[in-house]
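In: Give me a model of this one.
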Amino acid sequence: MDDDIPVVLARADGPHGETVLRRRGDVTELVVDGVFAMDSAQTSTEAALARLALDRLAGERLRVCVGGLGLGVTARTLLADPRVARVDVVELDAALAGWVRDGLVPGAEGLAGDDRVRLRVGDVADVVPALAPRSLDAVLLDVDNGPGFLVHGTNAGLYDEPFLAAAARTLADGGVLGVWSADRSPALLARITDVCGACEEVLLPVRRGRHEFEYAIYLGVG
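Out: Numbering: from 1, shown residues only. Predicted structure coming up:
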C-alpha cells in the first residue's frame with residue numbers, strides 16, 4: 001500500500017460540512033469541512049493541554065469539560081490521572097462522536113465506555129455558558145486551530161471575552177481555563193487575563209516532517 005494515498009475510514013455530511021476520518025499509512029487523519037484538523041502523527045500538544053491544566057490543579061475528584069473531541073487525545077490524557085472523576089466532552093460533529101462510540105477511531109477505543117466520560121453532541125458556545133457556576137475545575141478548549149485559523153467561522157466567538165468570561169464563571173476557586181492555538185495570539189492572552197485575572201502562555205515547538213511549528217497553549221487560572 002502506498003503510504004501517501006489516504007484510505008477513508010468513515011465519511012459523513014452534516015449541518016457543519018463534511019467530516020472525514022482517514023488513514024495514511026499508520027497515521028489517522030481528521031479533516032473537517034475540507035480543513036485539516038489533526039492527525040495521530042503528532043498529538044503531543046493536545047496531550048499537553050490536559051497535562052498542563054492538571055499540573056495547575058490541586059485536590060481530588062476533578063471535574064473537567066473538554067470542548068472538541070478530535071481523536072480523543074486530550075480526554076484520554078485527563079483520564080490517565082486518577083484524580084479526575086469526570087470528563088464532559090462537548091463535540092459539535094455528531095458523526096465523529098458516533099464513530100468514537102462505535103470504536104472506529106483508532107486510539108479512542110473504549111473512551112465512550114469509561115464511566116467517568118460523558119460525550120455530548122452540541123455546540124460548546126451554547127453548552128458551557130449554561131453550566132452551573134463553580135461546577136468545574138477546568139474548561140479546556142481545542143475546537144479548531146485557534147483564533148487565527150478557524151475550522152468553522154462561527155467559532156470566532158469562542159475566543160472573545162463574553163464566551164471566555166462565561167467559561168471562567170463555571171470554574172471553582174483555582175480552576176483552569178485552557179485554550180489550544182496553532183499560533184501565538186496576544187489578543188487571546190489579554191482576554192483570558194482579563195476574565196481570569198492571570199494567564200500563562202506556553203509555547204510548544206513541534207516538528208512535522210521537515211517543518212517546525214510553534215503552537216501555543218493559554219492557561220488562565222481563576
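In: who are the neighbours in contact with residue 135?
Out: 63, 170, 172 (CB atoms under 8 Å, 6 or more residues apart in numbering). Every C-beta, even on glycine, is put in place using the N, C-alpha and C of the backbone.
In: By mean pLDDT, point me to the weakest helix or strand of this protein.
Out: Least confident helix or strand of the chain, by mean pLDDT, DSSP states H and E, is strand 35-39 with a mean of 85.
In: Now do the next helix or strand after it against strand 35-39, angle only.
Out: Using DSSP states H and E, the helix or strand that follows strand 35-39 in sequence is helix 44-55. Helix 44-55 and strand 35-39 are oriented at 60 degrees to each other (axes from the mean of the first three to the mean of the last three CA atoms, to 10 degrees).
In: before we move on, the earlier item: okay, now the sheet partners of the least confident helix or strand of the chain, with direction.
Out: Note on strand 35-39: by DSSP bridges, its sheet partners are strand 27-32 (antiparallel).
In: list the buried ones in the least confident helix or strand of the chain?
Out: 37-39 (16 or more other CB atoms under 10 Å).
In: Among the contacts of residue 135, which lie within strands?
Out: 63, 172 (DSSP state E).
In: Could you measure from the residue positioned nearest the centre of the chain over to residue 92?
Out: Most central in the chain under CA atoms, centre = their mean is residue 142, positioned 2.8 Å from the mean C-alpha point. Separation of residue 142 from residue 92 (CB to CB, to the nearest Å): 12 Å.
In: shared neighbours of these two, which are they?
Out: Here residue 142 and residue 92 have residue 68 as joint contacts, going by CB under 8 Å, 6+ apart.
In: Now do the SS call for residue 166.
Out: helix (DSSP: H, G, I helix; E, B strand; the rest coil).
In: count of neighbours near it?
Out: Number of residues near residue 166 (other CB atoms under 10 Å) recorded here: 17.
In: for residue 171, same thing?
Out: 24.
In: And for the one 5 residues further on?
Out: For residue 176, the number of neighbouring residues by other CB under 10 Å comes to 25.
In: How about the secondary structure of it?
Out: Three-state call for residue 176 (three-state DSSP): strand.
In: what residues are up against it?
Out: 53, 56-57, 137-140, 219-222.
In: for the residues you listed, which one is nearest residue 103?
Out: The closest of the contacts of residue 176 to residue 103 turns out to be residue 140 (CB to CB; 23.7 Å).
In: Let's verify that closest one: helix, strand, or coil?
Out: Applying three-state DSSP: residue 140 is strand.
In: How much space separates it from residue 84?
Out: For residue 140, the distance to residue 84 - CB to CB - is 12 Å.
In: between those two, what contacts are shared?
Out: Counting by CB under 8 Å, 6+ apart, the contacts common to residue 140 and residue 84 are residue 64.
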